[in-house]
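1. need a structure here:
(2 chains)
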Protein chains: 2
Amino acid sequence: MPLLATQRAEKIIARCREIAACTEVPGETTRTFLAPSMHKVHTLLRGWMEAAGMSVWIDAVGNLRGVYPGNDGPSTESVDRLIMGSHLDTVPNAGAFDGILGVVLGVALIEELRGEHLPFAIEIVGFSEEEGVRFGKPYLGSMALAGSLNGEALQRKDAQGISVETAIRDFGLDPARFPAAVVSSEAFAYLEVHIEQGPLLESEDLQLGVVSAIVGQTRMQLRFSGQANHAGTTPMHLRHDAMAAAAEWICEVERHAKAILGLAATVGKVQTRPGAGNVIAGEVLATLDVRHADDEIRRKAANALLAAATNSGEVRGVQLSVLASSHEDAVPTDFALSKLLLEAAEAAGSPARIMPSGAGHDARIVAERVPISMLFLRSPGGLSHHPDESVLPEDVEAALATSLVFVELLKANHVTQAIPQPATEAHA
Amino acid sequence: MPLLATQRAEKIIARCREIAACTEVPGETTRTFLAPSMHKVHTLLRGWMEAAGMSVWIDAVGNLRGVYPGNDGPSTESVDRLIMGSHLDTVPNAGAFDGILGVVLGVALIEELRGEHLPFAIEIVGFSEEEGVRFGKPYLGSMALAGSLNGEALQRKDAQGISVETAIRDFGLDPARFPAAVVSSEAFAYLEVHIEQGPLLESEDLQLGVVSAIVGQTRMQLRFSGQANHAGTTPMHLRHDAMAAAAEWICEVERHAKAILGLAATVGKVQTRPGAGNVIAGEVLATLDVRHADDEIRRKAANALLAAATNSGEVRGVQLSVLASSHEDAVPTDFALSKLLLEAAEAAGSPARIMPSGAGHDARIVAERVPISMLFLRSPGGLSHHPDESVLPEDVEAALATSLVFVELLKANHVTQAIPQPATEAHA
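-> Just a heads-up that it's a prediction; the model follows:
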């Protein structure tokens, strides 16, 4: 007997909580790349997947891969394929839904097909690594899928001096099988369902969001170098106060970002040196994080904020240095898939908002090989990476219903490789 | 044969450097309260003092006390007395002049009297403790002189668990003799010669400053409590950014202090929590240090800055807490003595500026018992508490010459207890 809507949402939530009990640290959920507790996660998911008619295997980087065949037969190799997935690893002391939800919801979607086979296969991927906790490098799982996991990454070492390659062998896997991990060239679409990890949907009383792009990011580490001096004996007009310079700049960072739609700019870490109440700060180290879905807007903002930092320093005889900077371009989702996803949400009765993803996700890497789409669920309190992270059953149901309609629309359109592309690409 | 002006300044500087070699840490000058190296300092000073005709003893807290008798006879007990002094201890990795200079210059002044005895005795005090390094409490030496060193202070322990009382015994002194350490009730004036430890005199091309007051100080430890959140997924309008609130406030601290003559306000230490580049600061801890020679101005400023912090927080949903605060009132120098000191500087050919002392000094404590005055020497580069701390020979000579004229003026005016007091006190 089919489950009622509320029952199937509660079942997904219960399964996420069951997986959350697989942990390296008793009493909390902490499960990093290829940790022993990941075996138990695989066992649980494999059981549910096989019961739903899927063929399951673990690829060379530890991604769990379950394939539900298309209606052209049981082949798991050469058929057109929809990929659904998210990650199985967590941050330390995590919640129960970040990542896992997208995998468990994918399995529930297969269950809801109740044996019906579509003109394409559906592969559910539980990525082994996305958070970057163990090796300080995120996306190891999706990079293997995209074929971009290189030798340098394999030689990285964790805090115990164990390399990625050794960790793979220790888990019982064979790095020689990396080529087989690369996603099928028949994959025509990727859908990642994920909690928003932000407060936007909740603030607008919406359940779902369809991601337009994973934002680009500029990160900088800045140093303001003034002159440390006695807070009592140095008159205001003779100071070179690095903290005053940094403060004026931080105000400008906030003002600038507020004035440009969709721009996020953050100074999250500030360190004063020598850092004593009675000493004027001679040096301040500050981080800058700038994000926007439009790379040009982000680059202009980063440049303007760098100029503002220089100016705040100059008027105080404080020197600015850029100690480090890195840039990642935005990754737009596939226009046609996102449009279908919006239609699906509407049809399922939970109209979604178009929004950028301010955080990175496996989809960012998968996009190197497969057109991507992402569906966000409201995060109560905007909370994630925290034991109190939660989801509302009605939002889980809305996401599952939307995913099912999305699959129906893909089927109805017979959309495979022939999915309509934006005009610019069609003419290329 | 009397020394030439440049020779006597060079001699003072050489003696300061000789004392700087008495240290607990080879290769640098670090000499805390009653450290073994203090014995060598006492031996050096005692030698110079006795050669100049002074009677020398060490009091119960380790202050070196040298008395040059007045012309009424050799008594060291009951005669009118001018006190000159400063401290013998240092901060870690110190320079050679902070504190010591005032003692060595006092000895040079006695030498320059060349056996002439005045209508009053002169006592040179080398205070054993002013920096507060060993026991986290400054002014132990001058407090003994003022009779305000209480039992609580004596039971304080250093990092090795040694109490002040034990340290005194270990140095070979007897805490039972504290009463004898209290300054003679015949003391009618205190003069402390000290490096400025700030950039003001140098910036105005002046050699000397006469201190009007040791400024009052308000210290606070503030906490801005916002909400830590993901820097990518939290739109600007939904943030409670504790660092943005703190930054707006720090700008206001600077602006406010610049607008009020003589006000110094400093945010020297800022800590962000969690303190990650990709996380909006949920909490910021910040220090505030406010100083002014006028207590009313300081109190009003501190209140205004606290209100500004509350406001910067409120507009962002960030809560302000005052974790700690302390207040010390200003200590004005004696009006008549300071006037004499200004006249002396003028007469000695080095006109001095009236200025507040932004830092604390032994004089602050001595003022509980004796009318005080302070003479500042220019600090090249504004530098102190640093191995590169220095003095210019011509400034040392100017300070010595001024001190000698000051003593001459005291003598000429026969000023003892009958030193003219400000009108308000005369009418009291």
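
2. from now on I want contacts and neighbour counts done on CA atoms only, so please keep to that.
-> Will do.

3. let me know the helix or strand that the nearest residue to residue A:52 once chain neighbours are set aside is in.
-> Closest residue to residue A:52 apart from its sequence neighbours, by CA to CA, 6 or more residues apart in numbering or on different chains: residue A:111 at 5.4 Å. Per DSSP states H and E, residue A:111 falls inside helix A:100-113.

4. can you give me the buried ones in that helix?
-> Buried residues in helix A:100-113, counting neighbours by 16 or more other CA atoms under 10 Å in any protein chain shown, are found at A:100-112.

5. distance check, residue A:172 against residue A:183.
-> Distance of residue A:172 to residue A:183, computed by CA to CA, to the nearest Å: 21 Å.

6. follow-up on the earlier one: got the buried residues of helix A:100-113 as TSV, with pLDDT columns?
-> Below are the buried residues of helix A:100-113 laid out as TSV (pLDDT from 0 to 100):
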residue	pLDDT
A:100	98
A:101	98
A:102	98
A:103	98
A:104	98
A:105	98
A:106	98
A:107	98
A:108	98
A:109	98
A:110	98
A:111	97
A:112	97
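
7. re the thing from before, and the helix holding residue A:111, how far out from the chain's middle?
-> Helix A:100-113 sits 18 Å away from the centroid of its parent chain (CA atoms, centre = their mean, to the nearest Å).

8. cool, stretch A:21-28 as well?
-> Distance of stretch A:21-28 from the chain centroid (CA atoms, centre = their mean) equals 22 Å.

9. so how far does that stretch reach from one end to the other?
-> Counting by CA to CA, you get 8 Å between the two ends of stretch A:21-28.

10. what's that stretch in contact with?
-> With contacts defined as CA atoms under 8 Å, 6 or more residues apart in numbering or on different chains, stretch A:21-28 is touched by A:29-31, A:35-38, A:40-41, A:93-94, A:387.

11. may I see the buried residues of stretch A:195-207?
-> Applying 16+ other CA under 10 Å to stretch A:195-207 flags A:195-202, A:206-207 as buried.

12. what about that stretch and chain B, touching?
-> Yes: using CA under 8 Å from any CA of the partner chain, stretch A:195-207 reaches chain B at A:196-200.

13. now for those residues, which pair is the farthest apart?
-> Spatially, the most separated pair among the residues of stretch A:195-207 next to chain B is A:197 and A:200, at 9.1 Å (CA to CA).

14. what residues does the stretch 301-428 of chain A put near chain B?
-> Applying CA under 8 Å from any CA, one finds that the stretch 301-428 of chain A approaches chain B through A:357-359, A:382-383.

15. out of these, which sit inside strands?
-> Counted as lying in strands by DSSP state E, out of these, are residue A:357.

16. still on that earlier bit, looking at the residues of stretch A:195-207 next to chain B, which is nearest chain B?
-> The closest of the residues of stretch A:195-207 next to chain B to chain B turns out to be residue A:198 (CA to the nearest CA; 4.8 Å).

17. could you measure the closest one against residue A:383, distance?
-> Using CA to CA, residue A:198 is found at 7 Å from residue A:383.

18. which neighbours do those two have in common?
-> Residues touching both residue A:198 and residue A:383 (CA under 8 Å, 6+ apart) are residue B:229.

19. so residue A:396, which of the three states?
-> Secondary structure state of residue A:396, per DSSP: H, G, I helix; E, B strand; the rest coil, is helix.

20. now do it against residue A:377, distance only.
-> Distance, residue A:396 to residue A:377, using CA to CA: 7 Å.

21. again with residue A:68
-> 25 Å.

22. same thing with residue A:277?
-> 45 Å.

23. how about residue A:195?
-> With CA to CA as the criterion, residue A:195 and residue A:377 are 5 Å apart.

24. which residues are in contact with each of the two?
-> Taking CA under 8 Å, 6+ apart as the contact rule, residue A:195 and residue A:377 both touch residue A:391.

25. follow-up on the earlier one: Provide the strand pairings for the following helix or strand past the helix holding residue A:111, with the direction of each partner.
-> Downstream of helix A:100-113, the first helix or strand assigned by DSSP H and E is strand A:121-127. Strand pairing for strand A:121-127, using DSSP bridges, gives strand A:64-68 (antiparallel), strand A:81-87 (parallel).

26. just after strand A:121-127, pick out the following helix or strand.
-> Following strand A:121-127 toward the C-terminus (DSSP H and E): helix A:140-146.

27. all set, thanks.
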